[in-house]
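J.: sharing a model that was predicted from the sequence below.
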Amino acid sequence: MSSCHGLILAGGLSTRMGTDKAQLRRNQQTMLEYTESLLQSLGLDVLVSGGDVGIPDVVPQLGPLGGVYTLVNKCQVEGLLVDALLIVPVDMPLLTPAVLQHLIRRGETSKSAVCYEDCYLPLYLPVNAVLSNYLEAVFAEGSTMPRSVKKLLTALNGVQLPVTEPELLVNTNTPEEWLSIKPLIETDDAE
């Protein structure tokens with residue numbers, strides 16, 4: 001049986017939002033709590049990269065790939081058995097378990113990195129020697145390799161699935177984007 005773990009990317013500066021996106025409230029939960037509950041609903045152990053409660057990045061301020069690099073290093077150092085990661089940013093309030101389960105199924109079947117077309121996160125990412133070697137090369141001192149998830153997917157021959165419900169993959173980076181999403185996530189039972 002494969003050991004897939006959920007990884008929430010919560011280490012961004014939230015400069016465009018003006019406040020910590022992980023602490024934005026989606027009904028009765030923070031976005032961090034919501035994202036964690038999504039991953040737990042799939043039976044995944046959840047790890048958090050960055051933020052106040054997450055694993056601090058080995059090298060700060062290197063974006064999503066920096067968080068992945070930190071976690072892969074931590075797993076190797078601590079001998080944690082992780083065959084794959086389901087990587088989800090903390091700022092996608094419309095994600096559903098079905099959207100994420102589809103990535104896991106396709107990733108486990110193909111043994112490849114899998115995301116949705118032109119949407120590099122969420123991402124199913126096998127953790128193996130090829131990934132480790134790529135990350136070591138990108139983060140080596142003096143490396144000029146780009147530190148992007150898109151380039152990682154290209155290097156790993158990642159698979160991009162067609163998007164059937166693009167609204168579910170929207171991330172919110174600004175107050176205006178958050179306000180436009182609020183009516184879609186608010187419930188009548190607000191306490």
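T.: Cool, the structure landed.
J.: what's the first helix or strand after the lengthiest helix in the chain?
T.: Of all the segments of type helix in the chain, defined by DSSP state H, the longest one is helix 63-78. With elements assigned by DSSP states H and E, the helix or strand that comes after helix 63-78 is strand 84-89.
J.: ok, and what's touching the first helix or strand past that following strand going along the chain?
T.: Following strand 84-89 in sequence order, the next helix or strand is helix 97-110 (DSSP H and E). Under the contact criterion CB atoms under 8 Å, 6 or more residues apart in numbering, helix 97-110 has outside partners 2, 4, 38-39, 41-42, 84, 86, 88, 113-116, 122-126, 159, 161, 165, 168-169. Quick note: C-beta positions are derived from backbone N, CA and C, even for glycine.
J.: so which of those residues sit within helices?
T.: Short answer: these in helices (DSSP H) are 38, 39, 41.
J.: list buried residues within those residues.
T.: Buried members of those, scored by 16 or more other CB atoms under 10 Å, are 38, 39.
J.: in TSV, list the ones in helices among the contacts of helix 97-110 along with distance to residue 51.
T.: Output for these, formatted as TSV (distance: CB to CB, whole Å):
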residue	distance to residue 51
38	16
39	15
41	21
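J.: out of the ones in helices among the contacts of helix 97-110, which one sits closest to residue 175?
T.: Closest to residue 175 out of those is residue 38 (23.1 Å), distances taken as CB to CB.
J.: residue contacts, that closest one?
T.: Residues in contact with residue 38 (CB under 8 Å, 6+ apart) are 88, 95, 96, 97, 100.
J.: touching, the third one and residue 168? I think so.
T.: Pointing back at residue 96 there. Yes. In this structure, residue 96 is within contact of residue 168 by CB atoms under 8 Å, at 6.0 Å.
J.: quick check on these two: which one has the bigger neighbour count.
T.: Higher neighbour count among residue 96 and residue 168: residue 168, with 17 against 12, using other CB atoms under 10 Å.
J.: tell me the pLDDT at residue 127?
T.: Model confidence at residue 127, given as pLDDT, is 93.
J.: quick revisit: can you tell me which of the contacts of residue 38 are buried?
T.: 88, 95, 100.
J.: make a markdown table out of these and add distance to residue 72 and pLDDT.
T.: Converted to a markdown table, the buried ones among the contacts of residue 38 look like this (distance: CB to CB, whole Å; pLDDT from 0 to 100):
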| residue | distance to residue 72 | pLDDT |
| --- | --- | --- |
| 88 | 16 | 96 |
| 95 | 23 | 95 |
| 100 | 20 | 97 |
